[in-house]
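1. Here you go, sequence then predicted model.
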Amino acid sequence: MFSTDKKVVYVTRDAERALGIAPGENYLVVARAGNGTPHLLELEETKRIINDNDAAVLVFKNNQLIEDICKTNGWRLLNPGAGLAEKIENKITQVEWLGDLASKYLPTHRVAPTRDLVFGGRMLRSDLSKQSNGGRTTRSNLGKSGSASAKKVIQWAHGHTGDGTVLINSENELRALQAKFPDRMARMTDFVAGPSFTVNVVVSKDKILVGNISYQITGLPPFTDNPFSTVGNDWSAASTLLSESEIEFIAQMACDIGEKMRVDGWRGLFGIDVMKDEELNKIFLIEINARQPASTTYESQLQKSLEPTGISVFEAHLSALLGKQVNQPLTQINDGAQIIQRVTKNVRSVPDDMIGSLELAGYKTIAYPNAGSNSDLIRIQSAKGIIENHGKLNGRGKEIVGILERKTPDKK
């Protein structure tokens, strides 16, 4: 069993984020739903736990306020610096940080104030040399025939689970956005349909450890109303939707980005999202999540459920943050999935009897007391995959939908 000789207190509003390993004598969790991490850190009870144990502090996502609180209290914060995370994750500044890796992994793009964006026409790689502001992109469709995409994707510097992404279908829609946010820096790309994948990566002081690639379940009804929102991960689908060479390409991308982060002082987890352009048959970098990705906990639990051949991504994360050598490989998995029912216009809550039906059917559930649009309502976890093909649920996935929509009888 993994253990650390240095006491660590993980402080979070969502206990699930901290459960990549089981709490114990040297690994403590302070969690309270509805309270942000800075608020939890300021509670006298939290201060007492940290101080009495002379513990280091770990959080899900660092920011300047958290750093200030830890500094004021004399606590060691294990997370990498908030400034570095911002530089890497910001959708406008990321290309400059990536340097040569930008042309290697990013599709073509345009970064400019919203008022200067133009609808129509396809962007060429030569456009990159004409830009002075830098930036990064998610999706590009150059088209085998050279034709431009009929839709555009606009992203702001920051977003969460797709909320910072706007799909533009016409010049009139772009003009409306320009009238509302004329001076806001934005990134525009051609829209491309294709499967997305994510991989969790650990940066230690002397190596990069690449986790297991999962298919990223995105925009799937009835789980969300937002076509860009990530609602889950399926670790069984990557091997059927990606070729061996594509898997190797994604792993190399993760290593290249991780090595650049390592040189800049990053330690611990980060994640990358990639997309397979089905027309060009090419993998593009979509996003870098400079923090512990949300899928880390369940990937780690799936890893520990096997006869371990190595360590979990969370164990490697904690070891790297504590400055330890990570000598074991990450355990490989090829099955399992989780999906999140978010708050939608038709789904405002998940009744207890529905949760019971899901659990009777063999699924693990984690409920959340959220009410905001597109926020998490219930996380549903399966030891087996739920995706049959890109955007298509298999029998288990359909069973989950049936229970959520009360279209199938409860299992006894």
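-> Good, I have the coordinates.
2. Can you show me the helices along the stretch 201-350 of the chain?
-> The residue ranges that make up the helices of the stretch 201-350 of the chain, judged by DSSP state H, counting those that start in this stretch, are 238-241, 244-263, 296-305, 313-321.
3. which residues does Tyr27 contact?
-> By Cβ atoms under 8 Å, 6 or more residues apart in numbering, the contact set of Tyr27 is Ser3, Thr4, Lys7, Val8, Tyr10, Ile21, Leu318. Backbone N, C-alpha and C define where each C-beta goes, glycine included.
4. picking up where we left off before, between the helices of the stretch 201-350 of the chain, which has the poorest mean confidence score?
-> For the helices of the stretch 201-350 of the chain, mean pLDDT drops lowest on helix 238-241, to a mean of 94.
5. and that one, what does it pack onto?
-> Helix 238-241 sits against strand 214-218, with contacts defined as 3 or more Cβ pairs under 8 Å, 6 or more residues apart in numbering; DSSP states H and E.
6. neighbouring contacts of the strand it packs on?
-> Applying Cβ under 8 Å, 6+ apart, the external contacts of strand 214-218 come out as 162, 195-199, 223, 227-235, 237-238, 241, 273, 295, 299, 337, 339, 387, 390.
7. Just the buried ones from the residues you listed, in PyMOL syntax?
-> The PyMOL selection below is limited to those of those classed as buried (16 or more other Cβ atoms under 10 Å):
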select buried, resi 162+195+196+197+198+199+223+228+229+230+231+232+233+234+235+237+238+241+273+295+299+337+339+387+390
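8. my guess is Ser300 meets Ile21, correct?
-> Yes - counting by Cβ atoms under 8 Å, Ser300 touches Ile21, with 7.1 Å between them.
9. any shared contact partners between the two?
-> Shared contacts of Ser300 and Ile21 (Cβ under 8 Å, 6+ apart): Ser312, Phe314, Glu315.
10. Give me the distance between the residue most central in space within the chain and Asn200.
-> In the chain, the centroid-proximal residue (Cα atoms, centre = their mean) is Pro293; its distance is 4.6 Å. If you measure Pro293 against Asn200 using Cβ to Cβ, to the nearest Å, the figure is 5 Å.
11. go on, Ala186?
-> Noted for Ala186: a distance of 28 Å to Asn200, by Cβ to Cβ.
12. same question, Ala179
-> Taking Cβ to Cβ as the measure, Ala179 and Asn200 are separated by 40 Å.
13. Return the helix or strand in the chain with minimum mean pLDDT.
-> strand 185-190 (a mean of 83; mean pLDDT, DSSP states H and E).
14. and of the helices of the stretch 201-350 of the chain, who's closest to Ser103?
-> helix 244-263 (12.2 Å; Cβ to Cβ).
15. what's the burial count for the residue nearest to Thr297 when sequence neighbours are not counted?
-> Leaving aside its chain neighbours, Thr297 sits nearest to Gly20 (4.9 Å; criterion: Cβ to Cβ, 6 or more residues apart in numbering). Gly20: 26 surrounding residues under other Cβ atoms under 10 Å.
16. Next one: Gly20 from Ser357, what distance?
-> Taking Cβ to Cβ, one finds Gly20 at 28 Å from Ser357.
17. Quick one: buried ones out of the shared contacts of Ser300 and Ile21?
-> Buried members of the shared contacts of Ser300 and Ile21, counted by 16+ other Cβ under 10 Å: Ser312, Phe314, Glu315.
18. ok, so of these, who is nearest Val95?
-> Val95 lies nearest to Phe314 out of these, by Cβ to Cβ, at 30.3 Å.
19. Check the gap between the closest residue to Leu117 other than its chain neighbours and Phe181 for me.
-> Spatial nearest neighbour of Leu117, chain neighbours left out: Met188 (5.0 Å); criterion: Cβ to Cβ, 6+ apart. For Met188, the distance to Phe181 (Cβ to Cβ) stands at 13 Å.
20. which of the two has more neighbours?
-> A count of neighbours by other Cβ under 10 Å puts Met188 above the other of Met188 and Phe181, at 23 against 16.
21. Show me the beta-bridge partners of that one.
-> Met188 has these beta-bridge partners by DSSP bridges: Arg110, Ile154.
22. need the contact list for it.
-> If you count contacts by Cβ under 8 Å, 6+ apart, Met188 has them with His109, Arg110, Val111, Ala112, Leu117, Met123, Lys152, Val153, Ile154.
23. from these, which is closest to Asp353?
-> Taking Cβ to Cβ as the measure, Asp353 sits nearest to Val153 out of the contacts of Met188, at 39.8 Å.
24. burial count for the closest one?
-> If you count neighbours by other Cβ under 10 Å, Val153 ends up with 22.
25. how about it, what does it touch?
-> In this structure, Val153 makes contact with Thr138, Arg139, Thr165, Val166, Leu167, Ile168, Met188, Thr189, Asp190, Phe191, judged by Cβ under 8 Å, 6+ apart.
26. okay, these in CSV with distance to Ile88 next?
-> Converted to CSV, the contacts of Val153 look like this (distance: Cβ to Cβ, whole Å):
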residue, distance to Ile88
Thr138, 15
Arg139, 20
Thr165, 19
Val166, 23
Leu167, 25
Ile168, 26
Met188, 21
Thr189, 19
Asp190, 24
Phe191, 25
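27. got a winner among those for most neighbours?
-> Counting by other Cβ under 10 Å, top hit in the contacts of Val153: Thr189 with 26 neighbours.
28. low-confidence ranges in the protein?
-> Along the chain, segments meeting pLDDT under 70 span 1-3, 121-150, 159-163, 407-412.
29. how far out from the middle of the chain is the longest strand along it?
-> In the chain, with assignment by DSSP state E, the single longest strand is strand 268-277. When distances are taken as Cα atoms, centre = their mean, to the nearest Å, strand 268-277 is centred 8 Å away from the chain's centroid.
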